[in-house]
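A.B. asks: Pasting the sequence and the predicted coordinates here, then a few questions.
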Amino acid sequence: MASNLKIDVQDKDLLVTLREFFRLILEQEDISAIFVSQRLPMKNTIMPALVTDSKTLDRTDPLAPAFPINGAKLLSRLTRKSSGEKIAAVLRPCEIRAFTELLKLKQGKTDDLIIIGIDCLGAFRNTDYFRFVEKNPERSTELFIDSVLSGKGTTAGGIDLAPACKACEFPIAPNNADISIGLIGIDVKNQVLIEARTSAGEEICKKLNLSETKKTAERKTAVDNLVAQRIEYRDKMFAETRDTVDNLEKLTAYLAGCINCYNCRVACPVCYCKECVFVTDVFYHEPSQYLHWAKRKGILKMPSDTLFYHITRLAHSSMACVGCGQCSNACPNEISVMELFRTVAEKTQSAFGYEAGRSLDEPPPLSVFEKDEFLEVAQT
Amino acid sequence: MNYLYYPGCSLEGTAREYNISTRSFMKAAGIKLTELEEWTCCGASAAASVSPLLSSALPAINLAVAESMSQTENLLIPCSACYLNLKNVEEKARKEPGLLKRINKVLAEKNLNFKNRTKVRHLLDVMAHDIGAEKVKNLIKKDFSHLTIAPYYGCQCLRPYPVFDDPEEPVSMEPLIKATGALVHSWNMGGKCCGASHMNTKIDVGLELVYGILKAARGADAIVTVCPMCQMNLEAYQDKIELKYKENLNMTILYLPQLLCLAMGMSEDESGIESNMAVTKTFKEKMKKLPK
Amino acid sequence: MNRLQPVRIDHTVSDTLAEIKDKVCACIQCGTCTGSCPNAFAMDITPRHLWRMLLMGQKDEIFTSRTFVLCSSCYYCTLRCPRGLPLTEAMSDLKQIAAKEDMIPHRPSTRFYKCFMDSVRRHGRVREAEFISTYFLSMSATDPLLPLKYASMGIRLLQKRKLALKNPLQKMSERSLDVVFKKVEEMENQI
Amino acid sequence: MIKKIGKALVVGGGISGIRAALDLAEFGYGVTLIDKASHLGGILAQLDYQFPTNNCGMCKMLPLIDRDSSSQYCLRRGLFHENIDILLSTQLASVEGEPGKFQVTLDQKSNPVDPSLCVGCGKCIQVCPVELPNCFNEGLSTRKAIYLPLPHAIPNSYRIDGNVCTLCGACVEVCPTDAVKLVDEGRKKFSILIVDDELIVRDSLKEWLEIEGGFAVEMAQSGQEALERLKEKKFRLMLLDIKMPGMDGVETLQKAKEILPDLHVVMMTAYATVETAVEAMKIGAMDYLIKPFDPDVLIPKIVKIYEELNVSAGLTLEVGAIVLSPGNSYFNPADGKDTLGYGKNPDVITGLEFERILSAAGPYEGRLVRPSDGRPIKKMAWIQCVGSRDFQTNADFCSNICCMYAIKEAMKAKERAQNAGYELDAAIFYMDMRTFGKSFQRYKDLAERCGVRFTRGRIHSVLPDKESGNLVVRHASYSGKISKDAFDMIVLAAGQRPALCTSDIAEMTGIELNSSGFPSTRPFSMSGTNQNGIVVAGTFAGLKDISESVTQAGAAALLASRVIHASGGGLALESGPAPIYADVSRENPQVMVVICSCNMASGLSEPEKLAENIKADPCVKHVLFTDRICTTSGWENLVEMVKKHHPNRLLIGACLPYLYARNLKALGEEVGINPRLMDVVDIHTPGFSDVDSQDPEYFRSMTETTLKMSIAKLKYADCASSVHAENSVFQQALIVGGGIAGMSAALAIADHGFKVDIVEHEKELGGNLRWLETTIEEHDIPSFLADTIAKVEKHPMIKVHTQSTVIASAGQVGQFFTAIEENEAPAVINLEHGVVILATGGAEAVTTSYGYGKNKKIITQKELAQKVNADELDIRSIKTLVMIQCVDSREEPRNYCSRVCCASSIKSALQFKKENPEIAIYVFYRDMMTYGFMESYFTEARKAGVIFIPYTINKKPVVTNENDSIFITAFEPIISQEIKIEPDMLVLGTGIIPTLPPSLAQTFGIALDQDGFFQEAESKWRPVDSLKEGVFACGLAHSPRNIPEAIATAEAAAQRALRILGHEYIPAGRISSTVRSSLCSLCERCIDTCPYGARTLNEDGKKVLVNSAMCQGCGLCAAVCPNSASVIEGYPMEQMLEMIDAAIL
């Protein structure tokens, strides 16, 4: 189905080329807006934005190593109901995967949406990014791209990728992206790979009159190597995390810094409840209850229910966790939330042969009943 | 208890000791046997292979004679082949009225009429159920507790009509054997086929079957039988079996009433044991040395 | 057993077998008879196979086999047949046909029975010595050495007073069943 | 509750009886359900696992609508329904009257143990000296003379087996509540006359029966004297010798019967005169005894006679209709020629016995060990058709269910072995593998893939191997090869026999029996008998699996209901006032805790401490101890306590919580506390779960935890006494399809006074029956069809829309809105209806196999039938005819049996043989599916000379065309030869495919199975329901079936529909889910998850709605909802958290 196309890089400037590509898309008759990361005027901030004026696209910066928010959640707001107009969205793979999970939960629609995936080169932690960009306010993104795509590594100015990105084995957009922009293993000085993966994607590409190309072995090797490297990191992370939280006491210690700020929940792209149960009356206990609990063990950590909160979130959301790392990014007390979530998610998802964000055709495991599932549980 | 008695041809010849011992046993048990007047051959297995009507008419002649002699007494038959032939007519004539008519057409030649009223009883049936082990026990004078006896029933008293015993796993001899104090050999060959007339026509097949039986009887002191053909097949070919299978399976073969007569302390004349073709030395010695 | 050329199945069954076929046509080919038969080891075709051939009208094959003569009338199959078919009886029906048609391969058996019945016809009861000697005589063309195979047996029986040798070829006796045999023959020929 | 006037009697409380009773009760009739046993459930009480789930699912039969009117716990434990009176240990004694107005008498057996006093402590069992085989475990374990007939029944009290009780009185002494009243005055009044000429016989009999049996005994030494005595005194039983001088036994019997016609006589005989005794039974003796007598045998036999005669007769009822469902009995393989060693070898067992071995409540606690020596079973065989398809045991029938249960047992056994860490070798020896039901073939294939060995061949004997103790099976392969196989255990598929009471019931009711002694039904009916108003259900008329039994029970209920309705039942309504409870919603919780101490006396050392700990919770106002709450007096004490202290919540700690459902309801009405604010918890089991630990401290803490959890539960219990809005019902039905199933369903509903619309897409009604001439039983189909069509067309309540199709439908149970389009005069009609029945039928499958279409001589079964009907076929000119069965069937993708093709072939073969005896007919088959009594036609066809040749899926017959002739070449496995036949005609049995359009299924929101048939809610327990309440299916749309079977599904579906149509409003269940829309994120997971289709999105997609009548309160929606937007009312989150908190204390 997918057809492989290319765009030629103008003046060896990848960013300019991409901006031009997005402009062509926005100028399509039926596309009213494009959702893409923009460099905002103040303080070098990178944020997703909904762009309707193609002139503003020269501040578009989809490859900056900044990832302040997972765009899936925002896209869900844009598509929960039909606006009657079509938009295109440029997303990182983990954003597309999170959006896929939200789609399964009826939190968005794809009817009027073109998803443009782009090879993800990774991002720094929020705080790291600001340090990085301060050093090179003008060409920071170009520096980063050069470093990564030329094989010099992801470290730039002594700053490395966020752990979530280092452990991410999905640098390429998943199959339900309509168009995928390929950079890894591509000679980006000269061309960029454009894959039209769906009929909607094909249609747009046809209008753009892109020339055809072939997928090269170099790309495959580069992607495979990258994924292998990430998996190695990831598995090490799993092992270490497991070691750190393998009993209740250790887990309590791991989460000791939690203050019930619920930032991680807000940052999480797949936490979709309108109002979380943890902010309802259920957890405003009677004063006597706090005393009762305190008496039982002689001490009660305040705020209470922090462990319960994280366990509940693991129960509710680990099945949909895409590992984007926004939870860790959001934590004021530097709890490694992402590591815990991914380690647990790996188990819960593999128990059902499920992989969050892989395909819209796979229903969330807890919504389907299969009578031959977990027979060993039934037998004991 | 009195019975009409049909000895059958074999009991006049090759199975004379069966006849002798049956009569002795019955006498001791206080039972009067009245031999059927002018009884004739039942047709054995031959009649059925030659003519179906004849195979019914020959037994019916004897049943008709029995009816003429007594209305109440059962007809006792020791020979299983004769028993089955007569029983067959009893059963078939009841189920097929047409057959009864045809038989009587034949029997008219002999001025006989067959109404099918006589009850045909096998000797073993009478011994096991009418007389019973309890009664036999009272007549036993010798202690055979050093003997192990293998009960061999053969086919025709058990099948196809399961009248008095389980046709697959017969047991009716066991209480009688135990009444003598002897142990019952545990085997499952009691109801198996001895090859019948194969010994005369297809001897290799016959030998194979008997070999199987004798082999399974190893460990017993004697096999007891209730059928002349079985008795003959088991006792008369032991040397041929030894020759063919290179195994000495010599075994004492007795008729069941013979065993009981011996246990009652009867003489050789009364038990007819001198006519038996297979009585081993060991067995004879054991007979002499009874436990106290 | 497989033949290259498939057997053409023809429904017309010879009349001689029709009556026997009726007896076994409710057969369900369950194989109880075969599994029960003590003589199956010596048979060239199994009893179940024999009944099937009967239903398929393969008369020649039936009578070239020695299966039915190997039936020793133990009645195991009759006892166990779930359809209650008179299988032992059907076997002896086949023997009767073989006897009537005096089929050469089955002579040892059929002649044996015939001599036996002759003895019964003459005396009302069987005279074992007489019938054995006529049997040997009737088989002398086929198997002249047959008497020798049983010679030692005869002697042992004599020793045990089990064989009466007197009047081997006596006249018809008082108990003669000749009239009965004649009547039966007359009636059976009518049908 | 609404009650209709009109009452039915259901005889037999197995699943069929329960189904019929529930169906009638749910419609609103009063039902009296009786069972001979002391518990409900019939044989299912003994069966733990059913295929295809390999689990139990009996509770799925419980009402889904208005479910608060019945019990909602494990149905194997017991049943309660407002409209059903359950009488146990009760038998039908007589039936008089006419349809609509029968007078029935019932006999109820008394029990020496008073259930209102028995606390189930089990002390009596410990002291009872009599030990005997336990029939619950099929004799594989033992029990005492005082026992629990069904260990898990609720309520449960001990019973005494009067047949074996020695009246020693030990139980009376130990009983703490004086529940046992052993002294049976009845026996002393039961006078027995012994007649024998031998003094010694008379004396010993008198001694045994008087001293050990407790009877009144007199003697006579001759027939003459006996007659004199009979004139003087009314004896109940006479023991009569046969051979006596002077007047013999038979003559005495005759004369005695003249004097005392009610006298029961048992003959005494020697072995030799058994036949005379049998003769005597024909002239009125009830039994005989063979001399010499053994007192251990004789006394129980007389006691048994006494027990049978001494039931307390006399309960009379008037009922409109009678459903007979007393089940069936089983062939005892030890009877007759026992060639398989049953009864002789303990490791040869029946299928039912193996079910008990599999059961965790069975003799070996579910371990796979053999009875003889307790060794683990490594190799095991099932032998099929024992006492079935066997003339030797007068069984010219198939027993229907054995193939499937053998496969299930094999699968279950393999699973057990795997759990124990080894692989079981399981072999099934069969004649034909009769996988004729829906999904059966795939289940068998699955078993084969799991390694169950299937060997074709009938096993005739099983012999023990003396050395190993194993059981040796000899069997012959088709080629004649004899193989021997040794097994650790062998399971026999014992065939069906009529219920023991069949002939008695037939005599009482006048229903006809078939030649095998089972009740026979009217042509084209599975349930109707020759007696109007008396119908049969379940296995009474022949063994059936659960699904068929439940279906047929539904049909039986329908027929019964029709008679009741016709005689005026159902016209009047009466409803009782709803109870009024005090409103305590503004009060603080005040919990009274009552602890039953009788079972904890030994375990609890400091009750004060327990009370103190519990009282720490300020909501707990009283903690009281009492005992024997389960007895009547104990309960009365408790009621007094409640009245005295006026709590607003009540917690009882006792043994068996389910026991109290009815009591709590009554108490609530009496004292005004809503039963929702009362709870009973089992404090017995948790404390003793660790039996070895008799540590009082442990026991106290377990009890405390249990109680505290329940206190938390009560604290937060919903005290609003409001009831959910009821859902109104359009009392009208829509039936899609006007074949025989659709018409039968329509008539069934319309006859109850409800309007029915039939939508048929063809021009005429009748469906497949229009091309069928006769059934295999030679019933005339065209006249039956004409009759049915006339009834439908004339019926004032039925409107037929021919040449019409359903185009759209919306709504839910009770309220459907459907648009249909009439094609002839194009118009759209809108219908409002409460239920819909899909009867869209099926068709003969088309094929291209075996050269079909290439030669005129090759036709399908339907074409054959059409040719015959049109007289286009000169049967006399056909010399040879070949039929091939299972064309494209029973293999993927159409891997199911179509059930009718084998019968159809046999029917045609018999017809042709009749008209042309010279014709040669060869039928190529894989397994002949002549299940049940159809087997006799298979036999008949063989007798008629039809030759059946088996083939396997790997070696199918080959059809070739040569110059206009066709040849069939196939391998004949028995003669081990290729055979070649040149037929004049080849008939292909291609089977049935459904014609239920997927779009229609989607319209009504139901699922189709992988073959396109209707997907039942549950194949066994809810066979005609869809998961979506209010949508049913029947006939060929449901599954392949013959005509009476299709009609049975139609009647069952109609009965299910009537449950709904019979009410103007559907009451919602007390426990129902709801949505807090302000919290709801509209992720719709609850909608996908709800198994009952009770949730929908509202029109503008902004709200999730719950249909409270369809919601079963299962809680899946609440579990799947992450932020408790979906909740089960009355179960708030705080409650659960506090209960958990109490539990982990």
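C.D. replies: Perfect, thanks for sending it. Numbers count the residues shown, from 1 in each chain, chains lettered A, B, ... in the order given.
A.B. asks: Let me see the ranges of the helices in the stretch 801-950 of chain D.
C.D. replies: D:861-869, D:901-915, D:935-943 (DSSP state H, counting those that start in this stretch).
A.B. asks: from those, which stretch is densest packed?
C.D. replies: Of all the helices of the stretch 801-950 of chain D, helix D:901-915 has the most neighbours on average by mean count of other CB atoms under 10 Å in any protein chain shown, namely a mean of 22. Every C-beta, even on glycine, is put in place using the N, C-alpha and C of the backbone.
A.B. asks: Can you tell me what sits against that helix?
C.D. replies: D:774-776, D:861, D:864-865, D:868, D:875-876, D:878, D:881, D:883, D:885-886, D:889, D:919, D:921, D:923, D:925, D:928-930, D:934, D:937-938, D:940-941, D:944-946, D:987, D:989-991, D:1042 (CB atoms under 8 Å, 6 or more residues apart in numbering or on different chains).
A.B. asks: can you put the helices of the stretch 801-950 of chain D in JSON lines and add distance to A:N4 and mean pLDDT?
C.D. replies: Listed next are these as JSON lines, based on distance: least, CB to CB, whole Å; pLDDT from 0 to 100:
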{"stretch": "helix D:861-869", "distance to A:N4": "55", "mean pLDDT": "94"}
{"stretch": "helix D:901-915", "distance to A:N4": "55", "mean pLDDT": "96"}
{"stretch": "helix D:935-943", "distance to A:N4": "66", "mean pLDDT": "94"}
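A.B. asks: Can you name every helix or strand that the helix or strand hosting D:L785 contacts?
C.D. replies: Following DSSP states H and E, the helix or strand that holds D:L785 is helix D:781-794. If you count contacts as 3 or more CB pairs under 8 Å, 6 or more residues apart in numbering or on different chains; DSSP states H and E, helix D:781-794 packs onto helix D:740-750, strand D:798-801.
A.B. asks: The lengthiest helix in chain A: which residues count as buried?
C.D. replies: Taking DSSP state H as the criterion, chain A has its longest helix at helix A:217-244. Burial within helix A:217-244, assessed by neighbour count using 16 or more other CB atoms under 10 Å in any protein chain shown, is assigned to A:219, A:222-223, A:226-227, A:230, A:233-234, A:237-238, A:241.
A.B. asks: tell me which of the residues you listed is nearest to chain D?
C.D. replies: Among the buried residues of helix A:217-244, A:T241 lies closest to chain D (CB to the nearest CB), at 23.8 Å.
A.B. asks: What residues does D:G223 make contact with?
C.D. replies: By CB under 8 Å, 6+ apart, the contact set of D:G223 is D:195, D:244, D:246-249, D:251-252, D:255.
A.B. asks: What is the nearest of those residues to chain C?
C.D. replies: D:G249 (34.5 Å).
A.B. asks: distance of the residue lying closest to the closest one once chain neighbours are set aside from D:E207?
C.D. replies: Nearest residue to D:G249 in three dimensions, chain neighbours excluded: D:I242, at 3.7 Å (CB to CB, 6 or more residues apart in numbering or on different chains). For D:I242, the distance to D:E207 (CB to CB, to the nearest Å) stands at 22 Å.
A.B. asks: That'll do, ta.
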